[in-house]
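A.B. asks: what's the 3D shape of this:
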Amino acid sequence: MGTSSRLLVTRSAPTKACTEIVRRYASNLASQTRPAELEKSAIEPERVVVAMDEAKSFIERCVRKGGVNTSHAEQLADVLVTGDYRGHFSHGLNRIDMYLGDLKKNLTNLSGVPCILKETVSTALVDGNNLMGPVVGNFAMDLAIRKAKDTGIGWVAARGTFKTWTLSVR
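C.D. replies: Below you'll find the model as predicted:
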């Protein structure tokens, strides 16, 4: 998913975040289009294509303002945008309002790292320390991949995550 990747924002994910992205893109389109062209190309508010990098940047800025550290914000944005990109609109941008509300209520830890509670050469149990699901998911997946490279199998379970959704996209 490079810089040319696009994300379709539809009414199936109606949130304040999506509305803001749609409004911004409609405004940019209007300012870059001559009036005669603008009349010919009516903007459909129900279907707007957005650059994935812009959507990720928007989500990162939103959750960083909520106190989330940069690394965690990037991981959350990656998972939410990828959810929409893959067609799982129930687990994409429409979740940003929920995350922001939960951050205001201090329902999740804003920074930190998961820890390994139990471990064998091929398995592990991870405590997510109530961090956002994508952060815990990436940690657990990276650990499972390392174990699989070493032993041929990697099996990692995680607990103590906050909103796992799509978990990880690595």
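A.B. asks: in this protein, what secondary structure element scores lowest on mean pLDDT?
C.D. replies: Here the helix or strand of the chain ranked lowest by mean pLDDT, DSSP states H and E is helix 35-40, holding a mean of 42.
A.B. asks: pLDDT below threshold where in the chain?
C.D. replies: Low-confidence segments of the chain (pLDDT under 70): 1-48, 165-170.
A.B. asks: check contacts around L131.
C.D. replies: 72, 108-109, 112-114, 160-162 (C-beta atoms under 8 Å, 6 or more residues apart in numbering). All C-beta spots, glycine's among them, are computed from the backbone N, C-alpha and C.
A.B. asks: List the ones among the residues you listed that fall in strands.
C.D. replies: 160-162 (DSSP state E).
A.B. asks: Can you go through these and name the buried ones?
C.D. replies: Those of those that meet the buried threshold are 161-162, by 16 or more other C-beta atoms under 10 Å.
A.B. asks: wait, which of the ones in strands among the contacts of L131 is closest to A77?
C.D. replies: F162 (15.9 Å; C-beta to C-beta).
A.B. asks: Pull out the buried positions in the longest helix seen in the chain.
C.D. replies: When the chain is scanned for its longest helix (criterion: DSSP state H), the result is helix 133-151. Buried residues in helix 133-151, counted by 16+ other C-beta under 10 Å: 133-141, 143-144, 147.
A.B. asks: and of the contacts of L131, the nearest to I59?
C.D. replies: H72 (11.5 Å).
A.B. asks: wait, isn't the closest one in contact with S111?
C.D. replies: Yes - with contacts counted by C-beta atoms under 8 Å, H72 reaches S111, the gap being 6.6 Å.
A.B. asks: The two: which is more packed in?
C.D. replies: H72 (24 against 13; other C-beta atoms under 10 Å).
A.B. asks: From S122, how far out is that one?
C.D. replies: 28 Å (C-beta to C-beta, to the nearest Å).
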